[in-house]
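Chemist: structure of the sequence below:
(2 chains)
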Amino acid sequence: MTNILEISGLNFRYPDSPKKAVSDFDLSVPDQEIVVLAGPSGCGKSTLLRAVNGLIPHMYTGDYSGQVRVAGNDVKESNMRDLAQKVGFLFQNPENQIFMFTVERDIAFGLENLGVPRAEMRKRVDEAMRLLEIEDLALRAPHELSDGQKQRVALAGVLAMNPRLVILDEPTSLLDPKTAAELVGLVGRLRKELGTTFVVVEHRLDLLVKVADRIVVMNEGRKALEGTPKEVLFGDEAEAYGVSVPSIARVQKMLTADGVLATDRLMSPGELAQALEEARP
Amino acid sequence: MIEFQDVTFVHQNGVRALDGVSLLIGSGETVAIVGENGAGKTTLVKHVTGLLKPATGSVLVDGQNTRATSTAQLSRKVGVAFQNPDHQLFSESVEEEMSFALRNFGFPPPLVEQRVKWGLELFGLDEYRKSSPLVLSGGEKKRLTLACILAWDPEVVILDEPTVGQDSIQKEKLAGTIRMLTSSGKTVVVVSHDIEFLWPMQPRVVVMKAGRVLGDGPAARVMQDRGLLDSARVAQPQLVEFYDRLTERPNAPFVDPLEARRWAEGRAR
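Modeler: Here you go, the predicted model:
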């Protein structure tokens, strides 16, 4: 399997800052993985994302060394137009990226900018709406929608560009828990149906551990931890880096440490209760 | 301290954001308001500050009807940290931002300085004292709005989605701040989707849906009422769901993970 994202030896320092925002950072993300990027505020997550979608070094200047490759292309050498078709970015607040009068016009906006032919555009917009199950919203005004619907519209706009890599910046932070769980389920489904790779920045891991393959924790610009959700959340260091360990993972960890259960993956509360039931001799 | 008497509020677009809400929040209580997006939680908060006035019914804050009180008068009593900190930050520097309200309320300069220092230290923002609030991260901005409010020592502190963008270390500090406010007799209202954050505080929980109060009671009771939570689209705390699933079958309810562990050990033996 190829790596859609390959970061090697990345260093970046903003012009007016005494210390590096990202320091000796390496990361390989294989195709179709869901990777969670976590870490305390100010750890360099946002800078890293900017280096992936090309805002660094194309819009933010500073001391840059190392390399970021997306689908084999060096971000530093690529133009923003090409990058925009490979990397999609969903902001924390969907209102920052939806602004047209109707949902379908909003979804088409990125394609219009690229000059995609009309028939092709229609097809891609319809497909994106189908995937996100928002066909019935096509002619609605985005500002009338609920937060969860807005999030879906913004994500549809991102997917219409057919990106191979999608970055989600704290996508659930403004959503209520049920809506957030639906979004996480959707990410898992899109990975399966479209083969899209997702990098998700999130502090709240209770929902994401269900679909994530890997968690990478950053601290002071460096990679502090990397592993499967179980490896990272069962470890002793995660909390020190500001990662919220879901309470049910803590219980599972205790039960595993005590030899009550032998588990190879994290479980939901229901699964854990059932596993306990079955572990009874 | 806060009283809603059959309050209705209709937005300009015709959406009934509050629909016959009656609610009594006593002085010194810590109350969590939960419910799905669009349930009316933020509209409720805006009625306490007087930013919105009820279409019908009344809102009383410390005995005063918000219709007859200016928002300036109310703001001395009620401090709100809104969901989006960009809506309430506007000064040139973090220090300016913090002293603005204090000076407006007529605090003497030495006290202003003392409170600014206290707030910046409490929320780990002293290194940004001279920086523009705009350079702060989302989580830092939220902490700054909270520091600004606590500095003038209002009787009622309202936090709208305070944990958004905060890592677990900051969340723990925030929980500590809320406990400090509660123990110093403040009335604290927390609007939050973050059930896992609310649960350990064991607040009184008010469940809202479509502008109505659907449920109201101690966290231990409300969070076990799965029918209520499902109809309001509120998630159950993971541990409560776990104990529930366990207790659905045999016996023994749990209060904390340690008890669950002891029980599980004994059971597997």
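
Chemist: for the residue of the stretch 101-250 of chain B found nearest chain A, list the residues it contacts.
Modeler: Using Cβ to the nearest Cβ, the closest approach of the stretch 101-250 of chain B to chain A is made by B:Asp167 at 3.1 Å. Bear in mind the C-beta positions are built from the backbone N, C-alpha and C, glycine included. Residues in contact with B:Asp167, defined by Cβ atoms under 8 Å, 6 or more residues apart in numbering or on different chains, are A:Ala38, A:Gly39, A:Pro40, A:Ser41, A:His203, A:Gly242, A:Val243, A:Ser244, B:Gly139.

Chemist: what do you get if the cut-off is 7 Å, keeping everything else the same?
Modeler: A:Pro40, A:Ser41, A:His203, A:Gly242 (Cβ atoms under 7 Å, 6 or more residues apart in numbering or on different chains).

Chemist: burial of residue 158, as a residue count?
Modeler: Using chain A here. Using other Cβ atoms under 10 Å in any protein chain shown, the number of residues around A:Val158 comes to 23.

Chemist: I was thinking of chain B, sorry if that wasn't clear
Modeler: The number of residues near B:Ile158, taken as other Cβ under 10 Å, comes to 25.

Chemist: hmm, B:Val189 and it touching each other?
Modeler: Yes - under the criterion of Cβ atoms under 7 Å, B:Ile158 makes contact with B:Val189 at 4.5 Å.

Chemist: packing partners of the lengthiest strand in chain A?
Modeler: Among the segments of chain A that qualify as a strand by DSSP state E, the longest is strand A:3-13. Identification of packing neighbours for strand A:3-13 by 3 or more Cβ pairs under 7 Å, 6 or more residues apart in numbering or on different chains; DSSP states H and E yields strand A:22-30, helix A:45-53, strand A:63-70.

Chemist: may I see the buried residues of it?
Modeler: A:Asn3, A:Ile4, A:Leu5, A:Glu6, A:Ile7, A:Leu10, A:Asn11, A:Phe12, A:Arg13 (16 or more other Cβ atoms under 10 Å in any protein chain shown).

Chemist: I'd like the residues you listed laid out as CSV, including pLDDT.
Modeler: Output for those, formatted as CSV (pLDDT from 0 to 100):
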residue, pLDDT
A:Asn3, 92
A:Ile4, 94
A:Leu5, 96
A:Glu6, 96
A:Ile7, 97
A:Leu10, 97
A:Asn11, 97
A:Phe12, 96
A:Arg13, 94
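
Chemist: name the next helix or strand downstream of the helix or strand hosting A:Arg122, please.
Modeler: Under DSSP states H and E, the secondary-structure element containing A:Arg122 is helix A:118-131. Proceeding C-terminally, helix A:118-131 gives way to helix A:147-159 as the next helix or strand, assigned by DSSP H and E.

Chemist: near chain B at all, that following helix?
Modeler: Yes - remark: helix A:147-159 sits within contact range of chain B at A:Asp147, A:Gly148, by Cβ under 7 Å from any Cβ of the partner chain.

Chemist: can I get that helix in CSV? Just the C-alpha atoms.
Modeler: Taking Å, rounded to 0.1, in the frame of the first residue of the first chain, the C-alpha atoms of helix A:147-159 are listed here in CSV:
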residue,chain,number,x,y,z
ASP,A,147,-25.2,22.7,12.9
GLY,A,148,-25.0,19.0,12.1
GLN,A,149,-26.5,19.6,8.6
LYS,A,150,-24.1,22.6,8.0
GLN,A,151,-21.2,20.3,8.9
ARG,A,152,-22.5,17.8,6.3
VAL,A,153,-22.8,20.5,3.7
ALA,A,154,-19.3,21.7,4.3
LEU,A,155,-18.0,18.2,4.1
ALA,A,156,-19.9,17.6,0.9
GLY,A,157,-18.2,20.6,-0.6
VAL,A,158,-14.9,19.1,0.4
LEU,A,159,-15.7,15.7,-1.0
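
Chemist: now the angle from the next helix-or-strand element following that helix to strand A:63-70?
Modeler: Next in sequence after helix A:147-159, counting helices and strands by DSSP H and E, comes strand A:165-169. Note on geometry: by axes from the mean of the first three to the mean of the last three Cα atoms, to 10 degrees, strand A:165-169 and strand A:63-70 are set 120 degrees apart in direction.

Chemist: for chain A, longest helix please?
Modeler: Taking residue count as the measure and DSSP state H as the definition, the longest helix of chain A comes out as helix A:177-194.

Chemist: now find how far off-centre it is within its chain.
Modeler: Distance, stretch centre to chain centre, for helix A:177-194: 11 Å (Cα atoms, centre = their mean, to the nearest Å).

Chemist: show me the contact partners of that helix.
Modeler: Contacts with helix A:177-194, where a contact means Cβ under 7 Å, 6+ apart, come from A:32, A:34, A:131, A:148, A:151, A:171-172, A:175, A:196, A:198, A:207-208, A:210-211, B:36-37, B:193, B:195, B:233-235.
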